[in-house]
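[1] Build me a structure from this.
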Amino acid sequence: QVQLVESGGGLVQAGGSLRLSCAASGLTFSTYAMGWFRQAPGKEREFLAAIRWGRGTTYYEDSIKGRFTISREDAKNTVYLQMNSLKPEDTAVYYCAAGARWLATTSRDYDYWGQGTQVTVSS
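    I've put the predicted structure just below:
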């Protein structure tokens with residue numbers, strides 16, 4: 001059974017930082033692309049970043065480029081999202097996902113999802 005478990009969310013002031021983690025089990029982690037998405041209240045789920053298997057090629061959505069960094073540690077079956085210079089508009093539930101395709105930037109391209117972790121940025 002595949003499980004993705006996010007952690008690291010919380011309440012932070014604008015301009016602050018958080019690092020989200022997503023621990024995977026039940027799949028051969030090193031052969032999957034991993035992605036981060038977020039969903040704010042009343043909005044659709046939004047793609048943020050993806051990291052490929054192997055060399056770890058990364059891809060970012062323009063709105064978070066330069067502020068967020070995705071990375072992976074295959075030895076720990078974990079993917080990370082370092083978020084800096086956070087803004088109130090970054091407030092959302094953040095999800096990690098695993099998929100077999102590259103480059104995948106839509107929800108339907110991913111096969112497995114975590115339950116999400118809440119990030120709230122206060123002004």
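
[2] who touches the spatially most central residue of the chain in this structure?
    With distances taken as Cα atoms, centre = their mean, Trp36 lies nearest the centre of the chain, 2.4 Å away. The contact partners of Trp36, taken as Cβ atoms under 8 Å, 6 or more residues apart in numbering, are 20, 22, 48-50, 68, 70, 79, 81, 94-97. (C-beta placed from N, C-alpha, C; glycine too.)

[3] pLDDT score assigned to it?
    We note a pLDDT of 98 for Trp36 in this prediction.

[4] How about Arg55?
    The model reports Arg55 with a pLDDT of 87.

[5] Tell me how many other residues surround it.
    7 (other Cβ atoms under 10 Å).

[6] And for the one 3 residues further on?
    The burial metric for Thr58, expressed as a neighbour count using other Cβ under 10 Å, is 13.

[7] Could you give the number of residues near the residue nearest to it when sequence neighbours are not counted?
    In this structure, Thr58 finds its nearest non-sequential neighbour in Ile51, 5.0 Å apart by Cβ to Cβ, 6 or more residues apart in numbering. Per other Cβ under 10 Å, the neighbour tally for Ile51 reads 23.
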